Every structure is written in structure tokens, then in C-alpha cells.
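Student: Okay, predicted coordinates and the sequence, questions at the end:
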Amino acid sequence: MLTRLTASLRSLLLATLLLPTLAWSQGLRFTTLDIGQGDSAVLIAPGGCVALFDGGPTGSGTTIKSYLKSLGVTNVDMVFISHMHADHMGGIDEVDVGTDAVSIDAVYDHGGTYSSGAYTDYVNHFNGRRITARKGDVYNLCNQVRLEVMSAGGNHSDENAKSVVVKVSYGAFDALVGGDLTGDTEDMESVIATAVGPLELYKVHHHGSRYSSNNTLLDATNPTVSFISVGKDNTYGHPTAECLGRLAAHNSEVWQTEDPASNSKRGHIELSSADGSTYVVAQGTQSITYASKAPDTQAPTAPGSLVASVVSSTAIDLSWTASTDDVGVVHYNVYRSTNGLAYSLVGTSTTTGFADLGVPGGTTNTYRVTAVDKAGNESVASSVTATTPLAVIAVTSPNGGESWAGGSTQSITWTSRDISNVKLEYTLDNGSTWNMIASAVAASTGSYTWTVPGAPTTAARVRATDAFGSTADVSDGTFAITGVATQGKVIINEILANEPGGSTSGEFVELVNVGSASVDISGWVIRDDASIRHTFPAGTVLGGGRAIAVFASAAGIPTGTPNAVASSTSVLGLNNTGDTVTVKTSSAKNAATIDSFTYGSGLASQDGVSMNRSPDASATGTFVLHGTLSSQGSSPGTRVSGTAF
């Protein structure tokens, strides 16, 4: 039996004890079967659990069953089908049929579909027993032999490149079985090379084709022996001189099931190992004993020429020269300390560089970089220290003593360093309350054109803040805002179309006189697209800098709301999907328009949230959702900040 990881735990190795298929204890056995021009191999764990790799072409079932029965195998725990070509899976459905059947518990492949008769037979036969193998899956055969899927499927146009590749590990013995994996255009051999690591046995990809077994794979694995499954009369020229030459250059001894050069069959290639430290390869009368490679205990060299480049107050770039290792470096660990004593891992890199983007400004940071190889050996560290500057911003105007007229346009200016965006605010009461001017302005511009509010004061200041809130600066002294010209000017400042709750009585329209002179608004009307909704009664005067909020009805006016009145028609009828609010001097058709605003659903999309001019009480301000200016949903009769007009 077999233990397989669930989809959410593929990276973990399961340790469930497995019941053996064979009744006796034995060493590891791996056999590449002689089935002609095709591929099939048998793996038997010491405890007797059995796995097959591919099933050869149609007609191979008899050979596979005969070999299994000769060993007393009556059941196969799992079968890996590398890919959907018929020479690798055409005979697998023949194994568990007939009076001499060897039952199969499950088959694992890369998923997907393929157009061939062999594929159709395979899918129909193993319906309910077919499982998709994925990269990173780990299986335990009898809790003795580890099987790790190194590659499977993927978005490839070539079926060979989709081959399921399995690394077999038993003690110090490691083998790789990968069907027809490619090493040319869709070069999956190079992709998995480093992760595979050194090998004792390499089950040669694609029968030894010219495009298999590239130098990148062989450099990383250096297999002691290589098994080739090949037909003596194949028309492909397998195994090719190019492949054999690369194997020879890496001192890998080649064993093959048949020999096209002499047109002869050599038979099954059988490998056995008692404990993984040594193994015997036998074929016919030939038998050779090999020693497994010793575990890798050599750490990589330390990264060289480590350099830290300060990019900004919050970013440092690290670079170094590559470490060397007897097998190969997998990645680099980057550690950081702000006191030179305690270090924390801030990230890893598979290249010779790392960008640390989370550095506190104004700190001295010491870095240690180490190299890690496949076996987990970590090098000694290379160190470097770098100090990040503090982000700086300084308001240069208004900076105290200025006198700006309300309603005029003025330039707020600043200088900055290591800041991307600036938030601008103003106060009319020397810092007790702050009002938004702009939430994010590019710091590099150094300037912002501001329409000065119309409320006279001698206690105004401007504040500039890094948009992330790390640093700020305020005008060194207060400046004065003088009243706008003597005439009054009435604007629509705030509209609540989407009333809180379900009662439309809470809808309101707020008017503000942004001028300094009082305005008699007797007889003025507020209307929407449908009709007149309110007529101001005789004697209604709106003082300079004052506001009046007209609610749909008295029932909708929150307790304590200043400067509030009820609509003369007891309704405002403001649509959430969009409407136009207009203030005219009378109900006459030719009456002058004082102000008008047409809004869409975006400004009436939130229950209980009004639309308000930004900046507040500015004749040139645009309407935004109130929530972008204040934590409150609305501010009828008061400023956005909640202070009185």
C-alpha cells in the first residue's frame, strides 16, 4: 500500500506505515524491463510494496505480468504514467486483466487529455483509479522509499515536456525516472536539474534521443549508472551518439535493454540494494557492484564582494558575487540586524542580489548573506553595514506672517528628500482642527496651488506630511486670511441624497455664503430635476461665512444640528441614481441661477454619506464623498471638521 499527500500538504512527507504487497522482506529492487522500443520499470520496496513506471507499448502487459509473477507480486500499489504516448502507456491496461492478472490500485499521470486509441483505452480502463500527480507531491512506498514528483504537466505544447518525473530515494541511493522529458526547446531537464541533485541511477530520458540528457542535467546529477530502455530495431537511431557521448563525458556507465548496433536483446536491467549504501546492477550473466555517493556535507563558499547600496530612506539594494559548491547553490539567505546582535531573516534570493524594501528610515542596518545548497548546508556569512537617511519635508510657504485674501489662489511650497507623496492640510485655529487640502501630491513638484478659504482668521497654518505618515512639517508661524470682498456669494456646499436608514426625511442640501457680506435669500428656491422643493420665507438672511441646511422635513433634522430648517414642501426627492440640485433667486422661469450641481450615483452610493465640496466651503471646490474628508458621514450646518461656520 501507499501513502499519498493531500493537495494542501504536498510539501510534507507522510509517515504512515504501509502494508506490504509481498509477503517477505527484501532489499530495494529497481528493474528496467526489456519491452522493446518503449518504457516500463518496476520498483519494489524492501517491505514488498510495488510501483510501476510506465507500461510500455500495447502488448507489453504479458512481459510485465510475467516478471512481476516471477517475484511473487500479485498487486501493484501505484503506477506512474509519465505521459500519454502509446509506447509508455499502451500496455498498462493489460496488466490487471486475464487469469494471470496483477491488480493495480491506482495510476498517477499529469492529467489532461490526449487524442489516441491507447489513451482512450487507458482512461476507460482506469476510470475511478486515475489520480493527477503534481510537482512537489511526495509518496512513501512501505514507509521505506521516498518518491518525490519533480515535474508534472505544465503549459507545454510538447507532450514529452509534460512527463511526470519522479526522484526515488532509499538511504544514500537516489534515482530519477522521467519518461521522455526534454532537454531542448522546452527544456524541462534544466529546470529541474539543481533540485534533483546527485544521482546513483539515471533512467535515461526519451530512450537516449539526441535531445535528452543535456549537460545541465548531467552536471547537476552526475549519475553513476544510466539505464536506457530501447528497441534493437527502432528507426529513431536510439540511443544516439550525442546522448551516449554526454553520458560518457560524465563517467556514467550505460546499461541498455537492447542493442540496435548489434541487433541484439540484452534483457531486463535489474538493480538491487540492501540498505542504499551499495547497489548491484545485473543483466544476464553480468553483475557489477557500486557504492552510493556519500551524503553532501560540504557547505558552499561565502558570497563574495557583498555591497549595500542605499536607494532611499526605506530601501537598500544588496549585491554579491556567486558562491561555489561541490553540488550547486540553491539560494541565498539574507539576514538583517539593527543592533548588530539579533538578526532576522528578511528574505531569500536565487540570484546574486536582493532588494530590502522594508528598512526603517534613519537606521544603521547590518546584513549577513549566506549561501545554501541542495542538502541544506549553509555557508559562513558575508557582512555589510549601511545607514538609511531620514525622510525630510519642510514647508516653505506659507511659513508665518503672510496675509492671504480668502478666495484667492496661492502656492503652498515645500522642500523634501526621500519622500514620494505629500498630504497637505490647513488649520484656521492654530492646530486645534485640521482640514484636508489634498491627500496625495507628488513630493517632487514642491508646490500646490490652493484656493484660500473665505473664513477670516489670524491663526492659520499649513501642514505637509509624508503620505505614509513617517514625517511632517507645519508652518513655523501663523498667517492671516482676510475676508473676501464685501459682497456675499452663496454656493451649494453639501448634499445628502442617500439618507441614513430608510427615511427620506434625512435628505438635506446645505448652502454656504462664502462671501463676507450678508445675502438676503428671501424667495429663493431649491429645486431638483422634478420640481421646486423649498422656498426660503421672507426675511431669510444668510450672513457672511454662514451656512443653512435645508432638510426634507423636520423629522429628519438630527438633534442639535445648527443652522437647519425643514423644506417648505416637506420633501426634497433627491434620487440616489443621480439628480440636479439648483438654487434660483425665485420660482419664475427666468429667475437667475445662483448655483447648480448635477451628481451621479457614485456620489450617492453610500447610505448616510453626503457629497461635499473639497476644500470645504470653497466656491471652486469639487464634490467628493464626505468620508474622504472626515470620519463623519456628513456635517449639515457645520464645517467638515464639525466646527461652526
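Tutor: Received it, and whenever you're ready, just let me know what you need.
Student: need the helices for this structure, in chain order.
Tutor: Using DSSP state H, the helices found in the chain span residues 61-70, 86-89, 117-125, 188-196, 215-221, 241-249.
Student: buried sites along the fourth one?
Tutor: In other words, helix 188-196. By 16 or more other C-beta atoms under 10 Å, the buried positions in helix 188-196 come out as M188, E189, V191, I192, A193, T194, V196. C-beta here means a position set from N, CA and C on the backbone, and glycine is covered the same way.
Student: For N435, state which of the residues you listed is nearest.
Tutor: When those are compared for distance to N435 (C-beta to C-beta), V191 wins out at 57.7 Å.
Student: pretty sure that closest one contacts S151?
Tutor: Yes - the pair V191 / S151 is scored as a contact, 7.0 Å apart, by C-beta atoms under 8 Å.
Student: so which of the helices of the chain is the most packed in?
Tutor: helix 86-89 (a mean of 26; mean count of other C-beta atoms under 10 Å).
Student: can you list contacts of it?
Tutor: Contact with helix 86-89 is made by 37-40, 54-58, 81-83, 109, 116, 118-119, 122, 179-180, as judged by C-beta atoms under 8 Å, 6 or more residues apart in numbering.
Student: Quick check: phi and psi on the nearest residue to Y119 once chain neighbours are set aside?
Tutor: On the basis of C-beta to C-beta, 6 or more residues apart in numbering, the spatially nearest residue to Y119 that is not a chain neighbour turns out to be M84, at 5.1 Å. Torsion angles at M84 (phi, psi; degrees, to the nearest 10) stand at phi -100, psi 10.
Student: any idea how far M84 is from T433?
Tutor: Taking C-beta to C-beta, to the nearest Å as the criterion, M84 is separated from T433 by 72 Å.
Student: the more surrounded of those two?
Tutor: Counting neighbours by other C-beta atoms under 10 Å for M84 and for T433 shows that M84 has the greater number, 21 against 15.
Student: In contact with S151, which residues?
Tutor: For S151, the contacting residues are K135, S163, V164, V165, G178, L181, M188, V191, I192, taking C-beta under 8 Å, 6+ apart as the criterion.
Student: again, but for S605
Tutor: Contact analysis of S605 by C-beta under 8 Å, 6+ apart lists N498, N576, L625.
Student: Can you turn the buried subset of those into a selection I can paste into ChimeraX?
Tutor: Here is the ChimeraX command that selects the buried residues among the contacts of S605 (16+ other C-beta under 10 Å):
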select :498,625
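Student: Redo the contacts of S605 as CSV? Include pLDDT and distance to A391.
Tutor: Compiled in CSV, the contacts of S605 are given as follows (pLDDT from 0 to 100; distance: C-beta to C-beta, whole Å):
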residue, pLDDT, distance to A391
N498, 95, 40
N576, 94, 43
L625, 96, 30
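Student: show me what contacts the closest residue to L428 other than its chain neighbours?
Tutor: With C-beta to C-beta, 6+ apart as the criterion, L428 has its nearest non-adjacent residue at 4.5 Å, and that residue is T457. Contacts here follow C-beta under 8 Å, 6+ apart; on that basis T457 touches L428, D429, A480, I481.
Student: can you rerun that using 7 Å?
Tutor: With C-beta atoms under 7 Å, 6 or more residues apart in numbering as the criterion, the residues that contact T457 are L428, A480, I481.
Student: So which of the buried residues of helix 188-196 is the closest to D528?
Tutor: Minimum distance to D528 across these is 65.4 Å, recorded for V191 (C-beta to C-beta).
Student: tell me the pLDDT at that closest one?
Tutor: Confidence at V191, expressed as pLDDT, is 93.
Student: and it, what does it touch?
Tutor: V191 touches S151, counting by C-beta under 7 Å, 6+ apart.
Student: and with 10 Å instead?
Tutor: Remark: with contacts taken as C-beta atoms under 10 Å, 6 or more residues apart in numbering, V191 is in contact with M150, S151, G154, A161, V165, L181, G183, T216, L217.
Student: since we're on the closest residue to Y211 other than its chain neighbours, how many residues are nearby?
Tutor: Leaving out its chain neighbours, the residue that sits closest to Y211 by C-beta to C-beta, 6+ apart is D184, at 3.9 Å. When counting by other C-beta under 10 Å, one arrives at 16 neighbours for D184.
Student: Likewise for T593?
Tutor: Counted by other C-beta under 10 Å, the residues lying close to T593 total 9.
Student: Just list whatever residues bridge to the closest residue to it other than its chain neighbours.
Tutor: With C-beta to C-beta, 6+ apart as the criterion, T593 has its nearest non-adjacent residue at 5.6 Å, and that residue is K584. Here K584 sits in beta bridges with V525, T593, going by DSSP bridges.
Student: distance of K584 from V149?
Tutor: When C-beta to C-beta is applied, the distance between K584 and V149 equals 76 Å.
Student: Pull the contacting residues for V359.
Tutor: If you count contacts by C-beta under 10 Å, 6+ apart, then V359 has 310-316, 336, 338, 346, 365, 386-388 around it.
Student: Could you export the residues you listed to JSON lines, including columns for neighbour count, distance to T620 and pLDDT?
Tutor: Below are the contacts of V359 laid out as JSON lines (neighbours: other C-beta atoms under 10 Å; distance: C-beta to C-beta, whole Å; pLDDT from 0 to 100):
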{"residue": "V310", "neighbour count": "15", "distance to T620": "42", "pLDDT": "89"}
{"residue": "V311", "neighbour count": "15", "distance to T620": "39", "pLDDT": "85"}
{"residue": "S312", "neighbour count": "16", "distance to T620": "35", "pLDDT": "80"}
{"residue": "S313", "neighbour count": "21", "distance to T620": "35", "pLDDT": "78"}
{"residue": "T314", "neighbour count": "19", "distance to T620": "36", "pLDDT": "81"}
{"residue": "A315", "neighbour count": "16", "distance to T620": "38", "pLDDT": "89"}
{"residue": "I316", "neighbour count": "22", "distance to T620": "44", "pLDDT": "92"}
{"residue": "R336", "neighbour count": "20", "distance to T620": "49", "pLDDT": "95"}
{"residue": "T338", "neighbour count": "14", "distance to T620": "48", "pLDDT": "89"}
{"residue": "V346", "neighbour count": "18", "distance to T620": "48", "pLDDT": "94"}
{"residue": "N365", "neighbour count": "21", "distance to T620": "47", "pLDDT": "93"}
{"residue": "A386", "neighbour count": "19", "distance to T620": "47", "pLDDT": "92"}
{"residue": "T387", "neighbour count": "12", "distance to T620": "45", "pLDDT": "90"}
{"residue": "T388", "neighbour count": "21", "distance to T620": "41", "pLDDT": "86"}
